[in-house]
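Q: sequence and computational prediction follow.
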Amino acid sequence: MKFIKPILYALLGIMFIYFISNLFFDQKFEIETSIEIESSPYVVYEQISNFENWVNWNPWVTKDTSLEMTYSNPSFDVGAYMNWKSQNTGNGRIELISNEFLKQLDYEIVINQNPPFFANFILQPNGNSVVLTWKNFGDLPFLGRIFGPIISKMIKSDHHIGLNQLKDYCQNLPSSNSEIKVAQWDSQYLISKVTNCSSHTINASLTSIYNDLFVYLAQNGIMSTQAPFAQYLEFPTKPKSKDVVKLRAGTFIDIPIKDSLNNGFEYKQIPHSLSVQSKHKGDYKTIFNTHEKIKSYCQENNYTIKSPPYEIYITDPQLNPNPMEWETLVVYLIE
């Protein structure tokens, strides 16, 4: 019994020192890490703004094999969230609470029902590269302030891993293009539909139009002469722009259409013209590179671009799932 009092006094002393020590540590924590990624800002933005794409670079995926993630539907834009469960680090939720296109994304994070803390990604686009800054910040509970430096060091390490994995992913997407050439563009008939969507829903919008279009052609005995195409009539280009894409999708056909069309389709005949073309090979995310090369070629050779370019999708991804083998003919009509 005589040892109980010293042990109690020692424990009380330790608790007192621990309590007092927290007075000398900051209530708030903030960690910030930046990296330059030599890739289109659109590619980087797509990876960080859609939770389903986080698996491509998420630093915790490789560190924690017990991690299980589920996503909201849709998994992008304000209100989207990702839930996770882990045998090692517990359960949590991260929600996108603010989104400025190509500029900044803000998140709220809750782990194991603790008070929330926050994160944001800040993009600084510069041509075909972007400086990306990742921040985490929040308040520590009083008795947890002493662990602030340890927590900051751990988060900083995760920042470095995640940002470098994101850089590797974006910079190594398969991409190449054939020699840029000037070619005659014969007069052609086409049928198409115009629609508005966001940068996240381009693929879904194209798929919907193509499905309706080829049903219509089959019902009316009309043959398609080339692979389907898309024209991007309006595309957000500046940070903080409204994320609205206006596109035309359709296909070239073998005969003119004289009857009125339904389902929003329109018929058009393109006159004979000169064109600048290049075949893009690789993931659609990187087609921005081919467009930039063609526009530079036109500028260097004093060609005037007459209309939005055509992307003609030679490869059907449903038949060939390997992005390295996808081919897209990019055509600019010029004068």
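A: In hand now; what should we look at? Numbers count the residues shown, from 1 in each chain.
Q: out of everything not next to it in sequence, what's closest to residue 317?
A: In space, residue 317 comes closest to residue 326 once its chain neighbours are excluded; the distance is 6.4 Å by CB to CB, 6 or more residues apart in numbering. Bear in mind the C-beta positions are built from the backbone N, C-alpha and C, glycine included.
Q: neighbours of that neighbour, how many?
A: For residue 326, the tally of surrounding residues (other CB atoms under 10 Å) stands at 20.
Q: again, but for the one 5 residues further on
A: Neighbours of residue 331 under the rule other CB under 10 Å: 20.
Q: can you pull the contacts of the nearest residue to it once chain neighbours are set aside?
A: Nearest residue to residue 331, sequence neighbours excluded (CB to CB, 6+ apart): residue 310, at 4.4 Å. Counting by CB atoms under 8 Å, 6 or more residues apart in numbering, residue 310 touches 229, 230, 231, 329, 330, 331.
Q: in a helix, that's where the last one is, yeah?
A: No. The secondary structure assignment for residue 331 gives strand rather than a helix, going by DSSP: H, G, I helix; E, B strand; the rest coil.
Q: rewinding a little: quick check: the farthest pair among the contacts of residue 310?
A: 231 and 329 (13.0 Å; CB to CB).
Q: what's the overlap in contacts for those two?
A: Common neighbours of residue 231 and residue 329 (CB under 8 Å, 6+ apart) are 310, 311.
Q: and whatever helix or strand residue 279 lives in, which residues are buried?
A: Using DSSP states H and E, residue 279 sits within strand 273-282. Residues of strand 273-282 classed as buried by neighbour count (16 or more other CB atoms under 10 Å): 273, 275, 276, 277, 278, 279, 280, 281, 282.
Q: quick check: beta-bridge partners of residue 124?
A: Beta-bridge pairing of residue 124 under DSSP bridges involves residue 131.
Q: how about the contacts made by it?
A: Contacts of residue 124 (CB under 8 Å, 6+ apart): 130, 131, 132, 133.
Q: check the spacing between it and residue 36 real quick.
A: Here the criterion is CB to CB, to the nearest Å. By it, residue 124 lies 9 Å from residue 36.
Q: could I have the PyMOL command that selects the buried members from the contacts of residue 124?
A: Here is the PyMOL command that picks out the buried ones among those, judged by 16+ other CB under 10 Å:
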select buried, resi 130+132+133
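Q: make CSV out of the buried residues of strand 273-282 and add distance to residue 56 and pLDDT.
A: Formatted as CSV, those follow (distance: CB to CB, whole Å; pLDDT from 0 to 100):
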residue, distance to residue 56, pLDDT
273, 40, 95
275, 35, 97
276, 33, 97
277, 31, 97
278, 27, 98
279, 26, 97
280, 21, 97
281, 21, 96
282, 16, 93
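Q: follow-up on the earlier one: of the contacts of residue 310, closest to residue 291?
A: Using CB to CB, those come closest to residue 291 at residue 330, 6.4 Å.
Q: helices of the stretch 1-150 of the chain, start to end?
A: Under the criterion DSSP state H, counting those that start in this stretch, the stretch 1-150 of the chain contains helices at 4-21, 41-49, 59-63, 148-171.
Q: residues touching residue 99, list them.
A: 49, 77, 78, 105, 106.
Q: strands of the stretch 101-250 of the chain, start to end?
A: Here the stretch 101-250 of the chain has its strands, by DSSP state E, counting those that start in this stretch, at 104-111, 117-126, 129-139, 175-177, 181-185, 188-197, 229-234, 245-253.
Q: sketch out the low-pLDDT regions of this structure for me.
A: 1-27, 140-152 (pLDDT under 70).
Q: domain parsing for it?
A: Following automatic domain parsing, the chain resolves into domains at 19-171, 176-334.
Q: first-to-last residue distance for the longest one?
A: Terminal residues of domain 176-334 are spaced 23 Å apart (CA to CA, to the nearest Å).
Q: next one: it to chain centre, how far?
A: A distance of 21 Å separates the centroid of the chain from that of domain 176-334, by CA atoms, centre = their mean, to the nearest Å.
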